[in-house]
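Peer 1: What shape does this take:
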Amino acid sequence: MLSRRAAITTLTMLAAASRAQQRPQKSNARLAFLGGAISEPATVQAQVGSMRQGLRDLGWVEGRNLGIDARWAEARYERLPGLLDELLRLDPDVLVTSGPRPAMVAKDKVKSLPVVVVNIDDPVQMGLITSHTRPGGNMTGVTAAFRGIFPKRLQLLKDVVPAARRFAILFNPDTLPRQNLVQDVPSWEQSLGITFQLLEMRGPEDVEPAFAAMAREGADAIVLVADAMVWTQRARITAMCLEQRLPSAWGGGGYLDAGGLLSYQGDFPALYRRAAVLVDKILRGTPPGEIPFEQGTKLELVVNLKGARALGITIPQSVLVSADEVIE
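Peer 2: Numbers count the residues shown, from 1 in each chain. Take a look at the predicted model:
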């Protein structure tokens, strides 16, 4: 048996050896980032800024041993292939994609470069990987599709407007295929006792027709599926919600700056900080196909009392006490 001192010495040597093995294999690394959203300061900070901080915590410092090149589609998805080509010409070590459309473009164009996918729904359903635990190929990542989050968002909205009998769901089918919603609607209608109206919005020209359809069908409230196009049109959508007296539920607290009612969604900065851990593993030599695809765990409920007052709605105390943030 080893003496206590010998055992401590052995453990110290093993720890040192482990740290040595974990040191970056490259003195300099290049990271490419492809996002579909608009490069507003808040968005850039939440995504690239959060990932940059996560990488710094792991020893990767921009300007010292790391370079980051970012491209943003500014909600114009047709630009994504060209932007990706620009990034690939910079010869990055890892590509990070943000959102469903950038991930799908990378799937079609990138065959060997390691890719970390962030902020998507189900990567297996999308055809990006074959298994969550062993993705295979050149992709891994972090999903924002928190289990049960959409039904919970619907329930919160029903708690706020208990007399509601019809909800409209506004979504971009280029981000979320219609069939993904259609297959779940029957169970939502049964559990909530309401009917749903699915309305597509691919571009700004679809906003007014969607609200006209809601008016014709007598929608009592609206649920927005997070998307770069929805983000760019949030002020216009919120104004029309107020005009038609429609309480609204959104996929991210940032959407409420224009006056939306509530949001129930994951902590997006936390997703990108976690993505930094996956990037670090790849830069240290782990193949992406051997890194399990992860799911975010932190959820946030944000309630906008100012928006509630504008609609003449009283938020139930049961909802307020559950809120992570209340906008006065």
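Peer 1: so where do the helices sit in the stretch 151-300 of the chain?
Peer 2: With DSSP state H, counting those that start in this stretch as the criterion, the stretch 151-300 of the chain has helices at 178-182, 185-192, 207-217, 228-232, 234-243, 268-283.
Peer 1: now those helices as JSON lines including distance to residue 171?
Peer 2: C-beta: built from backbone N, CA, C; applies to glycine. Formatted as JSON lines, those follow (distance: least, CB to CB, whole Å):
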{"stretch": "helix 178-182", "distance to residue 171": "7"}
{"stretch": "helix 185-192", "distance to residue 171": "12"}
{"stretch": "helix 207-217", "distance to residue 171": "10"}
{"stretch": "helix 228-232", "distance to residue 171": "8"}
{"stretch": "helix 234-243", "distance to residue 171": "12"}
{"stretch": "helix 268-283", "distance to residue 171": "18"}
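Peer 1: CSV please, covering those and showing mean neighbour count, distance to residue 310 and mean pLDDT.
Peer 2: What follows is the helices of the stretch 151-300 of the chain, written out as CSV (neighbours: other CB atoms under 10 Å; distance: least, CB to CB, whole Å; pLDDT from 0 to 100):
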stretch, mean neighbour count, distance to residue 310, mean pLDDT
helix 178-182, 13, 28, 89
helix 185-192, 13, 25, 94
helix 207-217, 15, 17, 97
helix 228-232, 22, 20, 87
helix 234-243, 18, 6, 96
helix 268-283, 22, 26, 95
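Peer 1: For residue 55, find the nearest of the ones you listed.
Peer 2: Closest approach to residue 55 among the helices of the stretch 151-300 of the chain is made by helix 268-283 (4.5 Å; CB to CB).
Peer 1: What lies in contact with the closest one?
Peer 2: With contacts defined as CB atoms under 8 Å, 6 or more residues apart in numbering, helix 268-283 is touched by 24-26, 29, 31, 46-55, 57-60, 93-94, 96, 98, 114, 116, 118-119, 140-142, 144, 252, 288, 291, 294, 296, 298.
Peer 1: which residue is nearest the middle of this structure?
Peer 2: What sits nearest the mean C-alpha location of the chain, by CA atoms, centre = their mean, is residue 119, with 3.1 Å.
Peer 1: Spatially nearest residue to it, not counting backbone neighbours?
Peer 2: Excluding the flanking residues, the one nearest residue 119 by CB to CB, 6 or more residues apart in numbering is residue 144, at 4.7 Å.
Peer 1: With residue 293 instead?
Peer 2: Going by CB to CB, 6+ apart, residue 293 has residue 132 as its nearest residue, at 4.6 Å.
Peer 1: what about the residue nearest to residue 119, neighbour count?
Peer 2: Counted with other CB atoms under 10 Å, residues neighbouring residue 144 total 22.
Peer 1: quick one: buried residues of stretch 127-135?
Peer 2: 128, 129, 135 (16 or more other CB atoms under 10 Å).
Peer 1: Tell me who's in contact with residue 33.
Peer 2: Contact analysis of residue 33 by CB under 8 Å, 6+ apart lists 47, 48, 51, 68, 69, 70, 71, 87, 95, 96, 97, 98.
Peer 1: Now it: phi and psi?
Peer 2: phi -130, psi 130 (degrees, to the nearest 10).
Peer 1: Next one: it relative to residue 234, how far apart?
Peer 2: Using CB to CB, to the nearest Å, we find residue 33 at a distance of 23 Å from residue 234.
Peer 1: What of residue 154?
Peer 2: In this view, residue 154 and residue 234 are 20 Å apart by CB to CB.
Peer 1: same thing with residue 258?
Peer 2: Note on residue 258: its distance to residue 234, by CB to CB, is 5 Å.
Peer 1: Which pLDDT value belongs to the residue nearest to residue 191 when sequence neighbours are not counted?
Peer 2: Once flanking residues are discounted, residue 191 sits nearest to residue 151: 7.3 Å by CB to CB, 6+ apart. Here the pLDDT value assigned to residue 151 is 90.
Peer 1: cool, and the one 5 residues further on?
Peer 2: Residue-level confidence at residue 156 comes out at 96, pLDDT.
Peer 1: okay, now the nearest residue to it once chain neighbours are set aside: neighbour count?
Peer 2: Counting by CB to CB, 6+ apart, the nearest residue to residue 156 once its immediate chain neighbours are dropped is residue 264, at 5.6 Å. Per other CB under 10 Å, the neighbour tally for residue 264 reads 26.
Peer 1: was I right about residue 264 contacting residue 149?
Peer 2: Yes. If you go by CB atoms under 8 Å, residue 264 and residue 149 touch, sitting 6.7 Å apart.
Peer 1: Quick check: neighbours shared by the two?
Peer 2: When contacts are counted by CB under 8 Å, 6+ apart, residue 264 and residue 149 have residue 299 as shared neighbours.
Peer 1: residue ranges for the strands of the stretch 1-150 of the chain, please.
Peer 2: Remark: strands assigned in the stretch 1-150 of the chain by DSSP state E, counting those that start in this stretch are 29-35, 66-72, 94-98, 115-118, 139-143.
Peer 1: Just say which of those is most tucked in.
Peer 2: Sort the strands of the stretch 1-150 of the chain by mean neighbour count, taking mean count of other CB atoms under 10 Å, and strand 115-118 sits at the top with a mean of 28.
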